[in-house]
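**Q** coords please:
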Amino acid sequence: MLIHPWDVAPEDEALAFVRSNGFGHLVAGGRDREVPVVVPTQFLLADDRTVLLHLARPNPVWAAVEENPAVVLSVAGDWAYVKGGWKVLPGEDDPRRGIPTTYYAAVQLLCHAEVVTDAAGKAEILRAQIAQLEGGDALVDPAEHERRFAGIRGLRLTIRRVDGKFKYGGNVDEAHRRHVAGRLAERGGPGDAAARARLLRGLERETAGERAVR
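**A** The predicted structure is shown next:
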């Protein structure tokens, strides 16, 4: 993933974004394959260096992981299309000469995958995922469904590197970004509020950084 210096996401914010989403694509390249195995999946970021998930036993990802345990978990979201005219400040130029773009957040976790096949390990993963998604005692303990465990396998991913990209106009000045933020607020389409919040958060972070070096 290409990440320009102005789009780099701080690791803590990148992991917070991953944690808040909880759904992404697991990519296993295997060895000598024409194409990697890509699996859309729910997951749990258990801590800053561990991801837990489970998948059906017939899933083709298992063979690829056995060939090569290096995998990528890719998460993207908070995206919004930015119209070309929004990139031009009023009176600055002809809005038709503006260049459109898309704002988005994307994080790729480069991980080492460990396949979990024992019943206790599977129950631990299921217990953690259910606790996050259901909370409290909403469901019986997963161990009560142990007879169904044969149909799944667990994955424990150890995060080796975090590549985070928050593409929200960091290459233009504050006036242009605030103008786009205003247009996003006016449009109010799917993703616009989240993109606007990240744009403004980036400006706040830059302002705080400027204060720190004074």
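
**Q** so the residue of the chain positioned farthest from its centre, which of the three states?
**A** Distance from the centre of the chain peaks at Gly91, with 37.7 Å (Cα atoms, centre = their mean). Secondary structure state of Gly91, per DSSP: H, G, I helix; E, B strand; the rest coil, is coil.

**Q** for the longest helix seen in the chain, packing partners?
**A** Longest helix in the chain by number of residues, with DSSP state H as the criterion: helix 192-213. Contact partners of helix 192-213 among helices and strands, from 3 or more Cβ pairs under 8 Å, 6 or more residues apart in numbering; DSSP states H and E: strand 70-82, strand 101-116, helix 174-187. Backbone N, C-alpha and C define where each C-beta goes, glycine included.

**Q** pull out the buried positions in the last one.
**A** Okay, so that is helix 174-187. Residues of helix 174-187 classed as buried by neighbour count (16 or more other Cβ atoms under 10 Å): 176-177, 179-181, 183-184.

**Q** okay, now the unreliable bits of the chain?
**A** 210-214 (pLDDT under 70).

**Q** circling back to that earlier point, tell me how far the residue farthest from the centre of the chain lies from His145.
**A** With the distance defined as Cβ to Cβ, to the nearest Å, Gly91 ends up 65 Å from His145.

**Q** was I right to think Ala105 contacts Ala16?
**A** No: taking contacts as Cβ atoms under 8 Å, Ala105 lies outside contact range of Ala16: 10.5 Å.

**Q** which of those two has more neighbours?
**A** Ala105 (24 against 16; other Cβ atoms under 10 Å).

**Q** for that one, what are its contacts?
**A** Going by Cβ atoms under 8 Å, 6 or more residues apart in numbering, Ala105 touches 9, 17, 76-79, 164-167, 198.
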